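Asker: Build the 3D model from these lines:
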Amino acid sequence: VGRFRKLKQSTPPDNIVVSRGIDMHPTVKAARIAGAIYLLEVLTGPFSLIYVPTVLVVTGDAAATAAKILAHETMFRLAIVADLYTGVLSIVASLALYRLFKDVDQFLAAVMVILGGVVVAPIFFLNSLNWIAALTLVHGGSYLTVFDTQQQNALAMLFLHLHGEGNIVNEVFWGLWLVPFGLLVIKSGFIPRFLGYWLLLDGFAYVVLSAIGILAPQYYSTAFTYAQPALFGELAIMLFLVIKGANVPPLTASAATA
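Answerer: I've put the predicted structure just below:
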């Protein structure tokens, strides 16, 4: 009887908030998981999309570019892996966000998965083949003897260019998937609405950048620079999901038990 009384006294009443990590609110937990996966995806992207092309590609000089790729082959191969890795993470991140928002609007959540994962990932996978082709060409081989070294380097430069164009095509979907994502944030009630509007602006910026890259590529770099404030919308939502999770009431002892 004495043990039973001690156990009963040690059990917190229903109106006391349970703060242990294992009793985290399910919505907060789902939000932080989605934010962490999303953050991994976005942190991987700049390495292959920005850093490696900037370091290894010498504009207008195929021979110098080929020499740099051979001198930093490990970096180039890691960039190919990063492309594949980002494609996989785009699917996983969109599914994690679907789990978070499915009760807000299941249709919008499904559209978000299609545009942000199902469509984007195959473009990443196929686009990595352009870099594989470029690496094959700079290495040469017996089956490439029909081309001299200068021609092989020129073809490698072509595939490097096609990789960049593939990213511009993918920007359409990097923008479109943010539309249902932003609307879900606005409707959710557990994430600040301004982040949803920021995502909508971010999505619009990506679509415009893709159009500029195709129609007026000479202005793309300038447009990309001016678009940075809008593009930070994704970073803002990621940090909120990872740090805060969601604005929901904390679990009570009775809710945690349930």
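Asker: So, low pLDDT: which residues of the stretch 151-258 of the chain?
Answerer: 249-258 (pLDDT under 70).
Asker: now do 90
Answerer: 245-258 (pLDDT under 90).
Asker: what are the ranges of the helices in it?
Answerer: 178-188, 193-215, 220-226, 228-243, 253-257 (DSSP state H, counting those that start in this stretch).
Asker: where's the closest residue in space to Asn170 that isn't next to it in sequence relative to Asp105, distance?
Answerer: Distances taken as C-beta to C-beta, 6 or more residues apart in numbering place Ile123 nearest to Asn170, at 4.7 Å, with adjacent residues excluded. (Each C-beta comes from the backbone N, C-alpha and C, glycine too.) Note on Ile123: its distance to Asp105, by C-beta to C-beta, to the nearest Å, is 26 Å.
Asker: Have a look at these two and say which one is more surrounded.
Answerer: The residue with more neighbours, out of Ile123 and Asp105, is Ile123; 19 against 16, by other C-beta atoms under 10 Å.
Asker: From what I see, the more buried one and His163 are in contact.
Answerer: No - counting by C-beta atoms under 8 Å, Ile123 stays clear of His163, with 11.1 Å between them.
Asker: mean confidence for the helix or strand encompassing the residue nearest to Asn170?
Answerer: Element membership for Ile123 (DSSP states H and E) is helix 120-139. Mean pLDDT, helix 120-139: 94.
Asker: And the contacts of it?
Answerer: Applying C-beta atoms under 8 Å, 6 or more residues apart in numbering, the contact partners of helix 120-139 are 66, 69-70, 73, 76-77, 79-80, 83-84, 86-88, 90-91, 144, 152-153, 155-157, 159-160, 162-163, 166-167, 169-170, 173-174, 177.
Asker: Identify those among those that sit within strands.
Answerer: Using DSSP state E to define strands, no part of the contacts of helix 120-139 is located there.
Asker: Just the buried subset of the residues you listed, please.
Answerer: Among those, those buried by neighbour count (16 or more other C-beta atoms under 10 Å) are 66, 69, 76, 79-80, 83-84, 86-87, 90-91, 152-153, 155-157, 159-160, 162-163, 166-167, 170, 173-174, 177.
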